[in-house]
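Asker: I'll drop the sequence and a predicted model, then ask my questions.
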Amino acid sequence: MKLSGKVALVTGGSRGIGRATALAFAAEGADIAFCHLDDGTQADATAGEIRALGKRALHRSVDVADIAAGRAFAEEAARALGPVDILFNNAGINIRKPFEAYTEQEFDRIVDVHLKGMFFMAQAVYPAMVARGEGCIINVASQRALKGAVNSAPYSAAKAAIMGFTRALAWEATPKGVRVNAIAPGPVVTDLTAAMTPEDRQAFIDALPVGRFGRPEEVAATALLLAGPDGGFYVGATLSPNGGDVMY
């Protein structure tokens, strides 16, 4: 098993890409701590699936934009399950509207959850990884960081910043034994894409070479590659399972 004996912390882990990744990691031997935001029923179900795979699960409601709350959760996870070996920095939100209609509060919320939340959650687990001389941090960006999107200016900007953060941290972390990479998924069947209008969804699908949205499990497979022993030569990379939406 590729992650036997490891402990993974997954933000936004109760559903969607986070849930699929938590289950993929557990299936390969990792114990899982995951957070969500007021999603207790679904989180209990996800934890039950992890335990059914024979692995330990811990979950809490945490707003990752609250730095103190994120650090407290990381500390609790380490106490309960052991040192965190893998961080899957996934929590995210979006508010779709025209550029000129965004308020300062909406802008701040999107950037705080995505960029600040990821930055300081990584900071919460990083020192212990450095002390052990090993660890893995995977930050979830988006194909919108690569191509932009209508009605998603703050989201696209935050996701692009995550890619820059990933590269910068990789320069510092790699010599200390901590691998840092990112994933920029394309359109995937999640709660975020479910909020699209049927017309927008169909237009998006029609423009994709594969002719469909992705499945969370397909992104989880990329996360497993980066987290496991086969991902050792990826440094500061952004892998983009996107169905051909962006080719580069």
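Answerer: That came through, no problem. Numbering: from 1, shown residues only.
Asker: Now the element after the lowest-mean-pLDDT helix or strand in the chain, going C-ward?
Answerer: One helix or strand of the chain scores below all others by mean pLDDT, DSSP states H and E: helix 191-194, with a mean of 74. Helices and strands here follow DSSP states H and E; after helix 191-194, the next one along the chain is helix 198-207.
Asker: start to end distance for stretch 89-96?
Answerer: Start-to-end span of stretch 89-96 (C-alpha to C-alpha, to the nearest Å) is 22 Å.
Asker: How about residues contacting that stretch?
Answerer: 10-13, 17-18, 21, 35, 37, 64, 102, 106, 109-110, 113-114, 117-118, 121-122, 137-140, 151-152, 154-155, 192, 195 (C-beta atoms under 8 Å, 6 or more residues apart in numbering). Glycine gets a C-beta too; all of them are placed from N, C-alpha and C.
Asker: could you flag which of those residues are buried?
Answerer: Among the contacts of stretch 89-96, the ones that count as buried by 16 or more other C-beta atoms under 10 Å are 10-13, 17-18, 21, 35, 37, 64, 102, 110, 113-114, 117-118, 121-122, 137-140, 152, 154-155, 192.
Asker: about what we covered before: roughly how far is the least confident helix or strand of the chain from the heart of the chain?
Answerer: The chain centroid and the centroid of helix 191-194 are separated by 15 Å, computed with C-alpha atoms, centre = their mean, to the nearest Å.
Asker: Packing partners of the biggest helix by length in the chain?
Answerer: Assignment by DSSP state H gives helix 153-173 as the longest helix of the chain. Applying 3 or more C-beta pairs under 8 Å, 6 or more residues apart in numbering; DSSP states H and E, we find helix 153-173 packed against helix 104-111, helix 117-132, strand 135-140, helix 144-147, strand 178-183.
Asker: And the residue nearest the centre of this structure?
Answerer: With distances taken as C-alpha atoms, centre = their mean, N90 lies nearest the centre of the chain, 2.0 Å away.
Asker: Tell me the pLDDT of Y248.
Answerer: Model confidence at Y248, given as pLDDT, is 81.
Asker: and it, how far is that from G48?
Answerer: 39 Å (C-beta to C-beta, to the nearest Å).
Asker: Also R15?
Answerer: Distance from R15 to G48, by C-beta to C-beta: 14 Å.
Asker: Show me which of the two is the more surrounded one.
Answerer: R15 (17 against 10; other C-beta atoms under 10 Å).
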